[in-house]
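> sequence and computational prediction follow.
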Amino acid sequence: MSTLEDLDDMEREGKEEKKDDGDKDKDGKKADQDGDAEMKDADGQKKEEKEEDIIDTEILHSSTRDIQMRKRLLDNDMRIMKSEFQRLTHEQVAMKEKIKDNLDKIENNRQLPYLVGNVVELLDLDVEKEAAEEGANIDLDATRVGKSAVIKTSTRQTIFLPLIGLVDHTALKPGDLIGVNKDSYLVLDTLPAEYDSRVKAMEVDEKPTEKYTDVGGLDKQIEELVEAVVWPMQEADRFKKIGIKAPKGALMYGPPGTGKTLLARACAAQTNATFLKLAGPQLVQMFIGDGAKLVRDCFALAKEKAPSIIFIDELDAVGTKRFDSEKSGDREVQRTMLELLNQLDGFASDDRVKVLAATNRVDVLDPALLRSGRLDRKIEFPLPNEEARAQILKIHSRKMTVDEGVNWPELARSTDEFGGAQLKAVCVEAGMIALRKGMVKIGHEHYVDAIAEVQAKKKMKMRRKKNVKKGIQFCLMVCGASGTGRTTFVNTLCGKRVLQGRDDDDAANAHLEEGVRIKPITVELELDEEGTRISLTIVDTPGFGDQIDNEASFSEIVGHLEHQYDDILAEESRIKRNPRFRDNRVHALLYFITPTGHGLRELDIELMKRLSPRVNVIPVIGKADSLTPHELAESKKLVMEDIEHYRIPVYNFPYDVEEDDEDTIEENQELRGLMPFAIVGSDEVVEIGGRRVRARQYPWGVVEIDNPRHSDFLAVRSALLHSHLADLKEITHDFLYENYRTEKLSKSVDPGTTNDSSLSPEDLASQSVRVKEDQLRREEEKLREIELKVQREINEKRQELLARESQLKEFEARMQREQSIATDDTNGELP
């Protein structure tokens with residue numbers, strides 16, 4: 001009887017014999033290779049199939065335990081490879097972010113302002129040779145570029161650039177117009193050869209058609225303009241005979257829509273002069289020095305086309321009072337104004353060129369513009385009086401089919417404080433109303449309806465002006481666990497240090513009343529460039545953990561909210577109310593969630609449920625930069641699932657599909673998608689790529705506060721202080737306060753309703769039982785959820801185990817088949 005060792009020896013001998021036979025077959029095939037190619041392919045295919053079926057001898061002679069161990073090792077290798085794959089994927093994402101940041105930096109470098117320059121010469125720079133001669137290090141970037149350039153800027157500087165910049169050197173040639181960075185002088189972009197700032201910013205009208213009869217109610221202003229502009233251009237000899245210098249120009253100021261531009265064009269038509277209109281904002285050009293060049297070109301063109309009138313509209317855009325500023329944009333505006341002053345001083349008053357300027361804000365102009373010898377006459381354009389309004393209405397209705405029964409004086413009396421532009425809007429609106437009703441003539445009633453339409457729009461603007469003057473009152477409460485960044489967020493929101501962080505580590509002072517009480521703080525903020533102000537009251541609450549007993553941590557906050565409702569309810573109940581009473585109701589509450597990467601805690605759920613009937617609760621994740629983007633997205637998903645599951649009525653940015661417009665619906669849907677908002681705050685300013693931004697700096701990078709890709713801060717600020725401010729106040733007054741008021745009044749009227757102090761022991765016991773039952777029900781729900789989750793995990797593991805067992809059985813069956821085949825072959829070879 002053969003032993004296993006003998007069988008192994010025979011198996012090896014059999015394999016060697018097969019190998020020798022295979023070598024002989026190969027030699028035979030090589031001899032017949034040219035004549036039998038198809039048979040070779042078939043034999044090769046069979047050989048490949050046979051090699052695939054061959055199993056390693058070590059596996060064939062291994063036990064089941066060894067195979068399982070080998071399988072576990074392979075699984076471990078697979079896990080390591082997956083981990084390595086995830087690491088490489090993470091590095092790839094980080095590299096993409098870095099590339100995107102670099103592209104953003106390049107794009108920022110392309111932003112305003114540029115210097116305009118010309119390519120003087122392109123040079124070949126042999127960096128390696130020069131570096132070798134000087135013994136210096138080789139600049140690899142310069143080596144890659146292989147070209148350098150000499151440029152000349154609009155500021156009359158000649159610059160040598162060893163590195164050209166963002167433009168390929170093959171796309172440049174001497175004489176090309178380029179835009180360069182104002183600091184490094186690197187070439188950022190090429191400009192078209194036909195680039196001419198005069199064409200972009202100047203309006204030239206050689207034959208204006210306006211007349212004085214097109215202007216109503218401005219007889220005094222027309223007379224002053226005739227003296228300042230028309231006489232010097234048409235009758236210059238009269239000024240020489242009397243021995244005085246004619247005015248160089250005039251400044252027209254007054255509210256918008258009072259006829260300043262129209263009268264300037266009428267003066268140009270009266271004198272047969274070319275009308276050159278230059279808008280003040282257009283003088284603030286993209287390229288440094290271009291605004292001043294535009295002013296020079298304008299005056300040069302006016303002299304070429306004399307007689308001419310230069311009309312500078314919105315002068316306050318470039319003529320504001322000078323101040324110290326480090327911003328290049330402000331310096332460029334001041335540089336443009338200095339060139340304007342220089343040009344006003346540079347031409348004589350008897351030239352046939354006059355300058356007219358118009359502004360709505362004469363109070364902000366630099367005194368140098370207003371002195372005599374530059375803009376000599378100051379002409380005010382007030383709102384028209386009643387007689388002038390009737391005249392303006394008639395002028396704008398001359399070409400319209402108007403009924404004879406229109407009472408112009410009555411319409412004029414109904415348009416108090418209307419300007420010329422608004423009176424023109426009344427005439428156009430009256431025509432639209434007549435068309436809408438199918439009339440062929442415009443009647444008096446159509447004008448009345450048009451006045452109502454325009455007046456309604458005017459009142460909206462006046463209401464905004466009132467808000468600008470008086471300010472908007474809004475109250476915001478911040479609430480959440482300690483260490484979630486509430487203080488930093490408030491200071492970032494207000495743009496100044498409003499709340500002071502507590503750095504006291506003394507345990508004896510941790511729970512002092514001064515440190516844990518609710519503190520309202522009012523701060524005045526300016527919302528926009530129009531000066532709209534908001535009186536923002538910040539209500540800071542003690543964080544959880546600042547109190548020893550967190551079970552009733554909501555009581556102080558709810559008590560504060562209800563106390564504000566009680567104050568206004570008492571004020572409404574008085575016969576004589578206090579005119580200085582301040583409404584301190586909280587309109588929005590930002591609930592800060594700890595950035596754990598998980599869902600809501602039990603304390604969060606309980607507190608948000610308690611607060612939501614009294615205030616608009618908006619959930620936010622504080623210090624969101626402590627989570628990775630993937631963790632943050634998962635945490636947001638879990639939080640919103642908990643809010644939906646426990647039916648917590650948070651403020652969800654409501655909208656009406658039938659009534660709201662598409663922009664409002666899209667904005668609210670976008671805000672809903674961001675909930676809970678990821679908040680990052682910082683009062684530190686960090687310089688990134690030449691930009692000074694509010695950010696938090698870490699060893700691994702920078703988190704920008706105002707960057708939507710890093711934080712939802714801008715979305716929260718815009719929603720609270722702009723887009724949803726009115727809606728939050730309306731919901732607070734119409735729903736939350738009214739519900740509380742109804743509950744309060746019903747309790748005071750219903751004699752069967754008593755407070756907790758008058759309850760009997762039996763009632764107190766039953767109430768305690770109900771509370772315990774509610775708690776038990778919540779615990780049971782939570783337990784069921786945990787059981788379901790565990791059951792799901794068990795099922796998943798079971799399926800995975802069954803799949804592994806199936807694979808193992810298949811492997812064992814295959815191994816047994818191979819062993820059986822090997823045994824049969826061995827037995828067949830025995831004598």
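Structure received.

> pLDDT of the helix or strand containing residue 89, averaged?
Under the criterion of DSSP states H and E, residue 89 resides in helix 64-109. Here helix 64-109 scores 83 as its mean pLDDT.

> then stretch 722-739?
pLDDT averaged over stretch 722-739 gives 87.

> pairing partners for the following helix or strand past the helix holding residue 89, with directions?
As assigned by DSSP H and E, the chain's next helix or strand after helix 64-109 is strand 114-124. Strand 114-124 pairs in its sheet with strand 147-153 (antiparallel), strand 177-181 (antiparallel), strand 287-288 (parallel), by DSSP bridges.

> elements contacting the helix holding residue 89?
Judged by 3 or more Cβ pairs under 8 Å, 6 or more residues apart in numbering; DSSP states H and E, helix 64-109 is in contact with helix 761-829. Every C-beta, even on glycine, is put in place using the N, C-alpha and C of the backbone.

> re the thing from before, just so I know, which of the strands paired with strand 114-124 lies nearest residue 96?
Among these, strand 177-181 comes nearest to residue 96, with 26.2 Å by Cβ to Cβ.

> now do the very next helix or strand once past that closest one: distance to the chain's middle.
Going down the chain from strand 177-181, the next helix or strand is strand 187-190, by DSSP H and E. Its chain's C-alpha centre and that of strand 187-190 lie 27 Å apart, by Cα atoms, centre = their mean, to the nearest Å.

> mind listing what's buried in strand 187-190?
Of all the residues in strand 187-190, those buried under the rule 16 or more other Cβ atoms under 10 Å are 187-188, 190.

> what helices or strands is it leaning on?
Contacts defined by 3+ Cβ pairs under 8 Å, 6+ apart place strand 187-190 against strand 177-181.

> the helices in the stretch 401-550 of the chain, which residues?
Along the stretch 401-550 of the chain, counting by DSSP state H, counting those that start in this stretch, helices occupy 408-413, 420-436, 444-470, 486-494, 513-516.

> please pull out the lowest mean pLDDT helix or strand from the chain.
Of all helical and strand segments in the chain, the minimum by mean pLDDT, DSSP states H and E falls on helix 140-145, at a mean of 44.

> okay, now residue 569: neighbour count?
Neighbour count of residue 569, defined by other Cβ atoms under 10 Å: 15.

> my bad, should have said residue 573
Residue 573 - counted by other Cβ under 10 Å - has 9 other residues nearby.

> what does the pLDDT read for it?
70.

> next one: residue 283
65.

> let me see the mean pLDDT of the strand or helix carrying residue 343.
Using DSSP H and E, residue 343 sits in helix 328-346. The average pLDDT within helix 328-346 is 71.

> what strands line up against the helix or strand harbouring residue 309, and which way round?
Per DSSP H and E: residue 309 is located in strand 308-313. Partners of strand 308-313 in the sheet, by DSSP bridges, are strand 274-279 (parallel), strand 353-359 (parallel).

> let's have the ones you listed in CSV, adding distance to residue 626.
Shown next, in CSV, are the strands paired with strand 308-313 (distance: least, Cβ to Cβ, whole Å):
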stretch, distance to residue 626
strand 274-279, 49
strand 353-359, 51
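
> what's the domain layout of this protein?
Following the assignment in automatic domain parsing, the chain carries domains at 114-190, 199-380, 386-467, 471-502+512-682+711-748.

> list the contacts for residue 302?
By Cβ atoms under 8 Å, 6 or more residues apart in numbering, the contact list for residue 302 reads 274, 276, 308, 310, 353.

> neighbours of the residue lying closest to it once chain neighbours are set aside, how many?
Nearest non-adjacent residue to residue 302, counting by Cβ to Cβ, 6 or more residues apart in numbering: residue 308, 4.4 Å away. Using other Cβ under 10 Å, residue 308 is surrounded by 26 other residues.

> is it true that residue 308 touches residue 274?
Yes - between residue 308 and residue 274 there is a contact at 4.1 Å, judged by Cβ atoms under 8 Å.

> what is in contact with those two at once?
Common contact partners of residue 308 and residue 274 (Cβ under 8 Å, 6+ apart): 268, 302.

> once you drop chain neighbours, what's closest to residue 238?
residue 231 is the one closest to residue 238 (Cβ to Cβ, 6+ apart), at 6.9 Å.

> residue 361 too?
residue 316 is the one closest to residue 361 (Cβ to Cβ, 6+ apart), at 4.5 Å.

> cool, residue 106 as well?
In this structure, residue 106 finds its nearest non-sequential neighbour in residue 166, 6.4 Å apart by Cβ to Cβ, 6+ apart.

> next, give phi and psi for residue 249.
Backbone torsions for residue 249, taken as degrees, to the nearest 10, come to phi -180, psi -170.

> and the one 5 residues further on, by the same measure?
Backbone torsions of residue 254, given as degrees, to the nearest 10, read phi 160, psi 180.

> wouldn't it be in contact with residue 361 here?
No - checked against Cβ under 8 Å, the pair residue 254 and residue 361 is beyond contact range at 10.5 Å.

> and the two? Which one has more around it.
residue 254 (19 against 13).

> skipping adjacent residues, who's closest to the more buried one in space?
residue 381 (3.2 Å).

> roughly how far does the one you found sit from residue 395?
As for residue 381, its distance to residue 395 is 16 Å (criterion: Cβ to Cβ, to the nearest Å).

> same question for residue 737.
Taken as Cβ to Cβ, the span from residue 737 to residue 395 is 52 Å.

> next: residue 333.
37 Å.

> before we move on, what about residue 700?
69 Å.

> helices of the stretch 551-700 of the chain, residue ranges please.
Going by DSSP H, counting those that start in this stretch, the stretch 551-700 of the chain shows helices at 554-573, 602-611, 629-645, 662-674.
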